[in-house]
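1. coords below, sequence missing:
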């Protein structure tokens with residue numbers, strides 16, 4: 001009961017604070033975010049010290065290298081977060097934007113105007129950078145935010161929220177604009193997911209088990225960041241040098257994130273040309289290859305792929321490889337196993353590139369480039385709060401506009417309906 005009352009009280013205060021955030025001027029929000037960026041920059045050493053506590057505990061639990069990579073806050077990571085906040089600060093204020101205006105025959109002037117969502121709860125796991133990214137985006141879009149991170153990053157998250165709240169204090173704003181649930185067991189998630197009288201949306205970021213649990217329990221609307229079972233298809237008309245370079249980047253550059261590829265599909269006509277060298281290069285970079293029977297004939301040092309390998313989001317240096325007869329089989333495979341996140345094709349054929357883009361269902365489709373670019377900062381959105389793999393109301397990297405709704409403003413001069 002104590003936990004329940006604590007979280008309900010936090011949600012009530014966040015709701016009250018959201019009324020203040022919704023009416024902040026564009027200049028105030030910009031200045032506030034720039035001040036937050038400066039405070040984060042001043043506290044790099046403090047943030048790293050707190051992060052070291054989380055890293056030490058994670059090491060004791062023998063968590064995977066990919067997990068440790070997501071948890072790490074080094075100086076570069078923190079500076080990237082700071083830069084993201086500054087970029088968000090410079091973006092045009094979305095609140096109050098007139099999306100369109102129409103004059104009706106009866107003289108009514110009807111406008112569609114962008115408004116904040118209200119209170120956003122972000123539930124996430126091991127990535128402490130989400131704390132700053134989510135808070136900055138919610139502030140810019142006029143929302144209050146409740147953060148509930150995973151236990152693995154509890155010290156890092158508490159430290160960042162403390163630094164961010166310093167700016168709220170200096171601007172004489174309600175500290176409840178940014179709230180953090182420090183209770184890390186699932187009970188807190190269950191309670192939050194049912195507070196629809198105070199929360200306007202929940203955004204879960206994490207593993208499939210977390211997302212499915214929230215979808216099942218929630219009475220609050222959910223915009224989910226689904227898993228990233230991402231594919232890259234090497235067409236028979238691909239530039240082989242480009243194909244190898246992009247494959248290696250999409251798998252190896254940062255394997256523990258959702259936009260890294262998990263399956264490579266290769267047209268049968270180029271499989272014998274590209275796979276021997278490409279697999280060798282990937283193995284030298286530490287990648288374990290699990291291949292279909294044809295792939296195993298080409299490189300017999302690899303493991304044979306099982307059915308579950310086509311379904312897996314490894315988030316590590318493991319890659320499933322399948323040789324396909326044509327683009328139809330590639331698209332069919334993606335439709336069966338893909339997670340609607342990021343899908344790519346390497347080809348010199350304009351018609352096949354267009355067909356792939358048209359027929360593959362994903363939040364982002366990549367032609368002759370790496371799926372690793374499915375990211376708010378790389379799309380020019382500044383930070384992101386997640387990558388939505390659903391279709392309502394947001395899809396792909398969720399930036400400022402995706403954290404707003406709209407209302408209709410109707411201006412008349414005495415008209416009545418007959």
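-> Done, it's in. Nothing here was measured: the structure is a model prediction, and the numbers come from that model. Residues are numbered from 1 along each chain as shown.

2. can you map out the helices along the stretch 151-300 of the chain?
-> Residue ranges of the helices in the stretch 151-300 of the chain, as given by DSSP state H, counting those that start in this stretch, are 154-170, 186-192, 208-217, 240-252, 268-284, 293-298.

3. Select, out of these, the one closest to residue 351.
-> helix 268-284 (16.7 Å; Cβ to Cβ). C-beta here means a position set from N, CA and C on the backbone, and glycine is covered the same way.

4. Other residues contacting the closest one?
-> The contact list for helix 268-284 (Cβ atoms under 8 Å, 6 or more residues apart in numbering) reads 234, 236, 238, 240, 243-244, 247-248, 251-252, 266, 289, 294-295, 298-299, 301-302, 319, 321, 323-325.

5. so how far is residue 258 from the closest residue to residue 222 other than its chain neighbours?
-> Excluding its sequence neighbours, the residue lying closest to residue 222 (Cβ to Cβ, 6 or more residues apart in numbering) is residue 202, at 5.0 Å. Between residue 202 and residue 258 the computed distance is 18 Å (Cβ to Cβ, to the nearest Å).

6. neighbour-wise, which of the two wins?
-> Using other Cβ atoms under 10 Å, the more surrounded residue of residue 202 and residue 258 is residue 202, with 27 against 23.

7. I'd like the distance from the longest helix along the chain to the chain centre, please.
-> Ranked by residue count, the top helix of the chain under DSSP state H comes out as helix 2-22. Helix 2-22 has its average C-alpha position 25 Å from the chain's average C-alpha position, going by Cα atoms, centre = their mean, to the nearest Å.

8. Specify the angle between that helix and helix 154-170 in degrees.
-> With axes from the mean of the first three to the mean of the last three Cα atoms, to 10 degrees as the basis, helix 2-22 and helix 154-170 are set at 40 degrees to each other.

9. Could you find the closest non-adjacent residue to residue 200?
-> Closest residue in space to residue 200, ignoring its immediate chain neighbours: residue 118 at 3.7 Å, by Cβ to Cβ, 6+ apart.

10. Now the one you found. Its backbone dihedrals?
-> Note on residue 118: its backbone torsions stand at phi 130, psi -100 [degrees, to the nearest 10].

11. and the nearest residue to residue 304 once chain neighbours are set aside, what pLDDT?
-> Spatially, and ignoring its direct neighbours in sequence, residue 304 is nearest to residue 296 (5.5 Å; Cβ to Cβ, 6+ apart). pLDDT, the model's per-residue confidence, is 97 for residue 296.

12. was I right about residue 72 contacting residue 54?
-> No - in this structure, residue 72 is not within contact of residue 54 by Cβ atoms under 8 Å, at 9.1 Å.

13. Mind checking which of those two has more residues around it?
-> Legend: neighbour count by other Cβ under 10 Å for residue 72 and residue 54, higher for residue 54 (24 against 20).

14. and that one, which of the three is it?
-> Secondary structure, DSSP: H, G, I helix; E, B strand; the rest coil: residue 54 is helix.

15. same thing with the one 5 residues further on?
-> Residue 59 carries the three-state label helix when classified by three-state DSSP.

16. For it, which non-adjacent residue is closest in space?
-> Residue nearest to residue 59 in three dimensions, not counting chain neighbours: residue 68, with 7.4 Å by Cβ to Cβ, 6+ apart.

17. Pull the contacting residues for the one you found.
-> Applying Cβ under 8 Å, 6+ apart, the residues contacting residue 68 are 55, 58-59.

18. now, among these, which is nearest to residue 132?
-> Relative to residue 132, and with distances defined as Cβ to Cβ, the nearest of the contacts of residue 68 is residue 55, at 17.8 Å.

19. so that closest one touches residue 74, yeah?
-> No - contact between residue 55 and residue 74 fails when scored by Cβ under 8 Å: they sit 10.2 Å apart.

20. ok, these two, which is more surrounded?
-> When residue 55 and residue 74 are compared on other Cβ under 10 Å, the one with more neighbours turns out to be residue 55, at 19 against 11.
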